[in-house]
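1. Sharing a model prediction with you, sequence too.
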Amino acid sequence: MSIRDEIFARMGELSPAEKKGARTLLAGYPSAGLESAAALAKAAGTSTPTVLRLVSRLGIGSYPDFQRRLRDEVTHQMNSPVRRTEKASVEKHGSELLAVTVSRKVALVKALTSSVPPSEFDRAVEALAGRPRQVTILGGYFSRHLAVLLAGQLDQVIPNVDYVAEPLGHGIGKLLRLSDGGVAVVMDFRRYELASQQAAELAKRQGATVIVITDQELSPAVEHADIVLPIPVDGVPFDSFTAVVALVEALVEGVLAAAGDRAIQRMNQWEGTVQIARSRQIPMGEHDSEFRHDEPHTTGN
């Protein structure tokens, strides 16, 4: 098993400080681990003894042994026939561009199982399904579209879900309403946005559980996160959100399963209201303004 796989397998066993070191290592894998223990600790915002404890938890006797294993992994990957074949097939796509592109996207989705630690995913589902007082979801310039999708689907499964378009502007009141028992979901990908980091920090100060969905290089917002879900986003010419959509759907499905009958009852409420609205032929704008359950329906602002 590779060191990366060991970290994923043991993420749920790590202390918060050790998780910082593990996330920093994963974000810059494997090069981050080839730095000194002190340099890795500094990059992670933790201590050198914490990094050494992390290495020990991985079943490796010393930091030099840890680095030796990393170098062996790098050498194997560079010399692997599979790696060389994969690179050649991508470079020679020609008229098979569609097939190659689809293959890349499928690979991104498959990579979720090795980029998102299962323990972190389970904790995210538990936080969202555990009757949170409020769920506030926000995204960046492009990822806001995915944040709207997550909010729109979650709102049909659990109550008290808000999408915040301007977390530090008109929507700041929704962040200020967060408290202990609330959950904030922050999406922030490469070309990270200062607003995401500040919103995560504010949500944490309010006492909420902060979930950050980001790429594998890790948004600065993870400094304030309780749960981090890192996703592969490599794409041509822009970063790909294919894996993000898959993660969003997996989260919603997980929350639905965990919430059980409560989720089914809420979905029935939604369906009944939509059918009534359609039978009366209410224009969409009016439907949005008049639609209310006994819990507020808010997937936008």
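-> Looks like it came in fine.

2. Show me the shaky parts of the stretch 51-200 of the chain.
-> 74-95 (pLDDT under 70).

3. Tell me where it has helices.
-> With helices called from DSSP state H, counting those that start in this stretch, the stretch 51-200 of the chain shows them at 63-79, 81-91, 97-110, 112-115, 118-129, 144-154, 172-176, 194-205.

4. Can you lay out those helices as JSON lines showing distance to residue 6 and mean neighbour count?
-> The C-beta positions use only the backbone N, C-alpha and C, and glycine is treated the same way. Below are those laid out as JSON lines (distance: least, Cβ to Cβ, whole Å; neighbours: other Cβ atoms under 10 Å):
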{"stretch": "helix 63-79", "distance to residue 6": "10", "mean neighbour count": "14"}
{"stretch": "helix 81-91", "distance to residue 6": "21", "mean neighbour count": "10"}
{"stretch": "helix 97-110", "distance to residue 6": "20", "mean neighbour count": "14"}
{"stretch": "helix 112-115", "distance to residue 6": "12", "mean neighbour count": "15"}
{"stretch": "helix 118-129", "distance to residue 6": "13", "mean neighbour count": "19"}
{"stretch": "helix 144-154", "distance to residue 6": "30", "mean neighbour count": "20"}
{"stretch": "helix 172-176", "distance to residue 6": "37", "mean neighbour count": "16"}
{"stretch": "helix 194-205", "distance to residue 6": "28", "mean neighbour count": "20"}
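
5. To residue 22, which of these lies closest?
-> Evaluated over the helices of the stretch 51-200 of the chain, closeness to residue 22 peaks at helix 118-129, with 10.4 Å, by Cβ to Cβ.

6. who's in contact with stretch 239-256?
-> Residues outside stretch 239-256 that contact it (Cβ atoms under 8 Å, 6 or more residues apart in numbering) are 104-105, 108-109, 111-112, 115-116, 121-122, 124-125, 128-129, 142-143, 145-146, 149-150, 153-154, 157-158, 187, 189-190, 213, 215, 229, 231-235, 263.

7. Equivalent analysis for stretch 217-225, please.
-> The contact list for stretch 217-225 (Cβ under 8 Å, 6+ apart) reads 23-24, 26-28, 45, 186, 188-190, 192, 196-197, 199-201, 203-204, 210-212, 214, 228, 230.
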